[in-house]
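**Student:** Model the following, please.
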Amino acid sequence: MKKVAFYTLGCKVNQYESQAMAQSLEKNGFVICDADEEADVYVINSCTVTAESDRKTRQTVRRFKKLHPESLVVLTGCMPQAFPLVSAELDSADIVIGNKSNHLLHEYIMQYIGGAGRIVAVDEHKSGEAFRGDTISSFRERTRANVKIEDGCNRFCSYCIIPYARGRVRSKPLETLREEIAALEKNGFCEIVLVGINLSAYGTDIGSCLAEAVETAASFEGIKRVRLGSLEPDHITDEVISRLAAVSEFCPQFHISLQSGCNKTLKKMNRHYTAEEYFELCEKLRSTFENATLTTDVMVGFPNETEEDFEESLSFVRKVGFEKVHVFPYSRREGTPAARMPEQVENAEKSRRAAIMIEETEKIRKEFLESQIGKILEVLPEEFHDGYVQGYTANYTPVRIVGEENIKEIIKAEIISVEDDFCIGKKI
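**Tutor:** Numbering: from 1, shown residues only. Below you'll find the model as predicted:
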């Protein structure tokens, strides 16, 4: 019986796919262990969203091969899917496959063990292909589970390689989702996080919509919460908002990618909305959902972003008042139109702008957390430590409850203070 360890880089979709691969191998007699243990097989599930992601992937593959020279090292995920020739040259990986072939991992491992030698097999995504992949019935021993319901992206933002790494939009059939949620409910999970590459586009290829996926997940008695992963502003129509508001289990937390609050920059990014349209959506969500939180991603230093453009973006972020913002400097990505644009911003200037944006958004974040003091909120514990449990409210406020541990169901807590990026709660 062989031991397999997974090391996952990147987003929640990758986390889901690692779980699915692990369960598939378990069904075929493998034992799953932690990546810091001695294993017969190490699977690196890669991210390729930036050049830095690729660097980390190469470093990780080489590290595992150096530490475990007799073990089989597998490279899969987005990097080999987007850059198969470059990935094939990484000879520390004994098997190289793309994310399209994750469901064939067991087959490739057995071929290698059987003497086939090094395997490089990256099957290209094709337009019109159906959603595929194994489902899950557990998720890393937590109380909530990520469930992938959508793959691919049709947006082709000028800075992004993901459509090449993930193919076009394709959606999980509702019946498959229903069966998957039933299995997770049976195993004690009470919160479901629906995730995808372009999650807002769910159902556009199968005559459905995101609201229908939420309604399906919430239809199970044991599922107390349903939340959404990262969203794009498009496809969040008034009808979708209305249907989501009618689902009592729906968590009013919206992570909606902004990238820039400057219309000139948004156009160069090939983002299909204006700052005004984005703000209108935020207003609708806050007026519809009680105690809703809005979080986002903001890029600084995009090619040809002037100081005035940056200030416009900063002003917009202040105007929205996001409860949390992930700020990052633009990273030149080979194979994208933005990488070929003139007037690239110097790294030092990108770092300066990022520092300013982070400082401003952290002020807003602190104000939000302090505004929760005195409130009684429902918290679903996820992590258990000596002396306290850590979990999240419905709007994804992080809470630590001192003096409690090993609670695995939703509990009420009064927020009494704020420490670092956490609210401190007392069980009611």
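
**Student:** in the chain, which helix has the most residues?
**Tutor:** Longest helix of the chain, by residue count under DSSP state H: helix 347-371.

**Student:** pLDDT averaged over stretch 116-123 - what is it?
**Tutor:** For stretch 116-123, the mean pLDDT works out to 95.

**Student:** ok, residue 312 to residue 244 distance?
**Tutor:** 31 Å (CB to CB, to the nearest Å). (Glycine included, C-beta is placed from N, CA and C.)

**Student:** out of those two, which sits in the more crowded spot?
**Tutor:** residue 244 (23 against 19; other CB atoms under 10 Å).

**Student:** related to what we said a few turns ago, ok, and what's touching the longest helix of the chain?
**Tutor:** Applying CB atoms under 8 Å, 6 or more residues apart in numbering, the contact partners of helix 347-371 are 293, 298, 300-301, 310, 313-314, 317-318, 321-325, 327-330, 397, 418, 421-423.

**Student:** Likewise for stretch 390-404?
**Tutor:** Contacts of stretch 390-404 (CB under 8 Å, 6+ apart): 143, 225, 227, 251-253, 291-293, 295, 323, 369, 372, 377-384, 387-389, 407, 411, 413, 415, 419, 421-427.

**Student:** Residue 184 touches residue 139, doesn't it?
**Tutor:** Yes: the pair residue 184 / residue 139 is scored as a contact, 7.4 Å apart, by CB atoms under 8 Å.

**Student:** Overlap in contacts, those two.
**Tutor:** residue 145.

**Student:** So how do I select the buried members of the contacts of stretch 390-404 in PyMOL?
**Tutor:** Those of the contacts of stretch 390-404 that count as buried under 16 or more other CB atoms under 10 Å are selected in PyMOL with:
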select buried, resi 143+225+227+251+252+253+292+293+295+323+369+372+377+378+379+380+381+382+388+389+407+411+413+415+423+424+425
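
**Student:** can you tell me which of the contacts of stretch 390-404 are in helices?
**Tutor:** Filtering the contacts of stretch 390-404 for helices - DSSP H - leaves residue 369.

**Student:** how about the helices of this structure, start to end?
**Tutor:** 12-27, 51-67, 78-82, 84-88, 105-111, 162-166, 174-186, 210-218, 238-245, 263-268, 275-288, 307-320, 347-371.

**Student:** pLDDT weak spots in this structure?
**Tutor:** 1, 141 (pLDDT under 70).

**Student:** burial count for residue 58?
**Tutor:** 20.

**Student:** Next one: it relative to residue 86, how far apart?
**Tutor:** Relative to residue 86, and taking CB to CB, residue 58 is found at 9 Å.

**Student:** just to revisit the earlier point, out of the contacts of helix 347-371, list just those in strands.
**Tutor:** 293, 298, 300, 324, 325, 327, 328, 329, 418, 422, 423 (DSSP state E).

**Student:** what's the closest of those residues to residue 41?
**Tutor:** Checking the ones in strands among the contacts of helix 347-371 against residue 41 with CB to CB, the nearest one is residue 328 at 32.9 Å.

**Student:** Just the terminal-to-terminal distance for stretch 110-123.
**Tutor:** Using CA to CA, to the nearest Å, the gap from the first to the last residue of stretch 110-123 comes to 18 Å.

**Student:** List the contacts of that stretch.
**Tutor:** Under CB under 8 Å, 6+ apart, the answer for stretch 110-123 is 72, 80-81, 84, 87-88, 91, 94-98, 100-101, 108.

**Student:** who wins for most neighbours among those residues?
**Tutor:** That'd be residue 80 among those, by other CB under 10 Å, with 29 neighbours.

**Student:** so who does that residue touch?
**Tutor:** 46, 87, 88, 96, 97, 98, 122.

**Student:** Distance of residue 390 relative to residue 319?
**Tutor:** Residue 390 is 32 Å from residue 319, by CB to CB.

**Student:** I should have written residue 221 there, sorry.
**Tutor:** Distance from residue 221 to residue 319, by CB to CB: 41 Å.

**Student:** try residue 208
**Tutor:** 34 Å.

**Student:** With residue 94 instead?
**Tutor:** 52 Å.

**Student:** swap in residue 289?
**Tutor:** Applying CB to CB to residue 289 and residue 319 gives a distance of 19 Å.

**Student:** Neighbour count for these two, which is higher?
**Tutor:** Between residue 289 and residue 319, residue 289 has the larger neighbour count (other CB under 10 Å), namely 20 against 12.

**Student:** show me what contacts the residue nearest to the more buried one when sequence neighbours are not counted?
**Tutor:** In space, and not counting its chain neighbours, residue 289 is closest to residue 252: 3.7 Å by CB to CB, 6 or more residues apart in numbering. Counting by CB under 8 Å, 6+ apart, residue 252 touches 285, 289, 290, 291, 292, 293, 394, 395.

**Student:** Report the two of those separated the most.
**Tutor:** Pairwise distances across those peak at 14.1 Å for 285 and 394 (criterion: CB to CB).

**Student:** Name the residue in the two with the higher neighbour count.
**Tutor:** residue 394 (24 against 19).

**Student:** Surely residue 133 and residue 105 touch.
**Tutor:** No: look at residue 133 against residue 105 with CB under 8 Å: they stay out of range, at 11.1 Å.

**Student:** higher neighbour count, these two?
**Tutor:** Taking neighbours as other CB under 10 Å, residue 133 and residue 105 compare with residue 105 leading, 23 against 18.

**Student:** and the nearest residue to that one once chain neighbours are set aside, how many neighbours does it have?
**Tutor:** Spatial nearest neighbour of residue 105, excluding adjacent residues (CB to CB, 6+ apart): residue 21 at 5.2 Å. Residue neighbour count, defined by other CB under 10 Å, stands at 26 for residue 21.
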